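Chemist: here's my sequence, what's the structure:
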Amino acid sequence: MNIKRKRIEALTSAWSIIISKTDLKREDVVNILRSVYESMKIEPIRGASAPSDIYDKEVASLYIIGKWGLGIDKDMPEDVFRNVFSLELQFDKMFEALKKSTTREEFCKELGDLCSKFDDSFIARFLRFVFTLYYFGFASFDDLILALKKIYAFFEQFQETVRRFTKFVIAYEVGSRIASGKIRNEMELNMEKNLLALSIGIPRAVPSSSYIVEVSKHFFALPQNIVKKLVKESKTSKGVKKDVQDNG
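Modeler: Now for the predicted structure:
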């Protein structure tokens, strides 16, 4: 089963319903998205946790597939599109500004008053937006890492949020290697996650093995014999730290 393909199919199906309606509000779109996902027995992009607003967050996936994959933004009335996707339009603007900024001052100059409205939740959702672009193939891994590193450098108050999200990104990347058979035991897993953390350069962002397995199962069809082996080895390892919070 290709989980990513099923998500794209679900998002495309949701769009086929959305474009047939008029005077839509964001909550209408969230409800349509939830209904389609539940009928297809798939879940939104997430980490180890499933927050109550997960479908509102998943509107980012709808926006990305609609705009970059289907070009629907050109077919919807502009006022409806801006009303439904107001958050995602802000994230889009932030990402473009972040890519060309070298300092916090440059970044905030591009965004104006928006910079003063940042909080942990907003930054976590922005990083989720950039990850979703990467996940669906509309941004590179380098773009994603650049966003993590710049937010970390520009905003000291959000460094813990960036650190948690970096653990999620590493878990996803390691999970892809488990799914492809490149990682088959705890030693290979530990080596890979530490190398990734080192290359990204965000301090203290190495996820636990159990967290990696938990995150990965939401993105990949993992070989169960390998998963059982990794979980068993993880439980018997000393000093394993469980990541109980992420930014799903």
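
Chemist: and Glu38, helix, strand or coil?
Modeler: helix (DSSP: H, G, I helix; E, B strand; the rest coil).

Chemist: how far away is it from Gly201?
Modeler: Applying C-beta to C-beta, to the nearest Å, the value for Glu38 to Gly201 is 39 Å. To be clear about C-beta, it is placed using only N, CA and C from the backbone, and glycine gets the same treatment.

Chemist: cool, and Ser13?
Modeler: Counting by C-beta to C-beta - Ser13 and Gly201 are separated by 40 Å.

Chemist: over to Lys193?
Modeler: Lys193 is 14 Å from Gly201, by C-beta to C-beta.

Chemist: so which of these two has more stuff around it?
Modeler: Neighbour count, other C-beta atoms under 10 Å: between Lys193 and Gly201, Lys193 has more, with 24 against 12.

Chemist: now do the helix or strand hosting the more buried one: distance to the chain's middle.
Modeler: Using DSSP states H and E, the element containing Lys193 is helix 186-200. Put simply, helix 186-200 sits 20 Å off its chain's centre (C-alpha atoms, centre = their mean, to the nearest Å).

Chemist: what's in contact with the helix-or-strand element of the chain with minimal mean pLDDT?
Modeler: Lowest mean confidence among the helices and strands of the chain (mean pLDDT, DSSP states H and E): helix 224-236, at a mean of 76. Residues from elsewhere that reach helix 224-236 (C-beta atoms under 8 Å, 6 or more residues apart in numbering): 178, 181, 183-186, 189, 208-210, 213, 217, 240.

Chemist: do stretch 175-183 as well
Modeler: 174, 188-189, 192, 212-213, 215-217, 219-223, 226-227, 230.

Chemist: what do you get for stretch 79-87?
Modeler: Taking C-beta under 8 Å, 6+ apart as the rule, stretch 79-87 contacts 22-26, 29, 59-60, 63, 73, 89, 125.

Chemist: so for it, what's the average pLDDT?
Modeler: For stretch 79-87, mean pLDDT is 91.

Chemist: same list, the contacts of stretch 79-87, but as a markdown table with distance to Arg163 please.
Modeler: What follows is these, written out as a markdown table (distance: C-beta to C-beta, whole Å):
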| residue | distance to Arg163 |
| --- | --- |
| Thr22 | 44 |
| Asp23 | 42 |
| Leu24 | 37 |
| Lys25 | 35 |
| Arg26 | 30 |
| Val29 | 32 |
| Val59 | 25 |
| Ala60 | 21 |
| Tyr63 | 26 |
| Asp73 | 33 |
| Leu89 | 27 |
| Arg125 | 16 |
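
Chemist: which among these count as buried?
Modeler: 24, 29, 59-60, 63, 125 (16 or more other C-beta atoms under 10 Å).

Chemist: Lys67: which of the contacts of helix 224-236 is nearest?
Modeler: Nearest to Lys67 among the contacts of helix 224-236: Lys217, at 28.7 Å, using C-beta to C-beta.

Chemist: looking at the closest one now. What's its pLDDT?
Modeler: 90.

Chemist: ok, longest helix in this protein?
Modeler: Of all segments of type helix in the chain, defined using DSSP state H, the longest is helix 159-179.

Chemist: ok, back up a step: how far off centre is the least confident helix or strand of the chain?
Modeler: 25 Å.

Chemist: with just CA atoms, put that helix into PDB.
Modeler: The C-alpha coordinates for helix 224-236 follow below in PDB (Å, rounded to 0.1, in the frame of the first residue of the first chain):
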ATOM      1  CA  GLN A 224       6.800  -5.900  10.400                       C
ATOM      2  CA  ASN A 225       9.700  -8.300  11.100                       C
ATOM      3  CA  ILE A 226      12.100  -5.300  11.100                       C
ATOM      4  CA  VAL A 227       9.800  -3.200  13.300                       C
ATOM      5  CA  LYS A 228       9.400  -5.900  15.900                       C
ATOM      6  CA  LYS A 229      13.100  -6.300  16.000                       C
ATOM      7  CA  LEU A 230      13.700  -2.600  16.400                       C
ATOM      8  CA  VAL A 231      11.100  -2.200  19.100                       C
ATOM      9  CA  LYS A 232      12.500  -5.200  21.000                       C
ATOM     10  CA  GLU A 233      16.100  -3.900  20.700                       C
ATOM     11  CA  SER A 234      14.900  -0.400  21.700                       C
ATOM     12  CA  LYS A 235      13.200  -1.700  24.800                       C
ATOM     13  CA  THR A 236      16.300  -3.500  25.900                       C
END
